[in-house]
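Participant: Here is a sequence together with a model predicted from it:
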Amino acid sequence: MINLINLAIDLLIGAFSGWLVTRLMNMDSTNMIFNCMLGLVGGIVAGFLGGLLGIGANGVIGHIIFAVCGGCLAVWAYRKFITK
């Protein structure tokens with residue numbers, strides 16, 4: 001039960017961070033599903049990179065900051081390598 005609650009919270013944080021990344025990176029806000037997915041991917045990327053560097057996020061605000069930073073990195077990589 002607790003794992004489902006943590007999953008739901010992670011999904012909400014990812015969706016919110018995807019919305020923030022959309023605003024910060026001047027993206028098209030019409031495709032919110034894609035933007036939320038970028039936020040989720042950003043959270044995963046930031047968590048992985050933070051683990052490699054020995055940096056961890058504490059609390060909801062820390063997870064949002066990590067997800068937004070990772071989301072911006074994911075958007076940058078998407079723009080750099082996928083769209084031309």
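Facilitator: Yep, it's here. On a predicted model such as this, the values are computed, not experimentally measured, just so you know.
Participant: Helices of the protein, residue ranges please.
Facilitator: Along the chain, counting by DSSP state H, helices occupy 2-24, 32-53, 59-77.
Participant: could those helices be laid out in CSV, adding mean neighbour count and mean pLDDT?
Facilitator: No exception for glycine: its C-beta is placed from N, CA and C like everyone else's. Output for these, formatted as CSV (neighbours: other Cβ atoms under 10 Å; pLDDT from 0 to 100):
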stretch, mean neighbour count, mean pLDDT
helix 2-24, 15, 81
helix 32-53, 18, 79
helix 59-77, 19, 84
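Participant: can you pull the contacts of residue 27?
Facilitator: By Cβ atoms under 8 Å, 6 or more residues apart in numbering, the contact set of residue 27 is 21, 35, 75.
Participant: and it, what are its phi and psi?
Facilitator: The phi and psi values for residue 27, taken as degrees, to the nearest 10, are phi -90, psi 170.
Participant: Next, find the distance separating it from residue 52.
Facilitator: Distance, residue 27 to residue 52, by Cβ to Cβ, to the nearest Å: 27 Å.
Participant: same check, this time on residue 80
Facilitator: Residue 80 is 21 Å from residue 52, by Cβ to Cβ.
Participant: Return the backbone torsion pair for residue 31.
Facilitator: phi -100, psi 80.
Participant: and it, what pLDDT?
Facilitator: Looking at residue 31, its pLDDT is 77.
Participant: what's the neighbour count on it?
Facilitator: 12 (other Cβ atoms under 10 Å).
Participant: ok, so what distance separates it from residue 19?
Facilitator: Residue 31 is 12 Å from residue 19, by Cβ to Cβ.
Participant: Please apply the same query to residue 28.
Facilitator: 13 Å.
Participant: what do you get for residue 79?
Facilitator: For residue 79, the distance to residue 19 - Cβ to Cβ - is 18 Å.
Participant: likewise residue 64?
Facilitator: Counting by Cβ to Cβ, the gap from residue 64 to residue 19 is 11 Å.
Participant: what's the answer for residue 65, then?
Facilitator: 14 Å.
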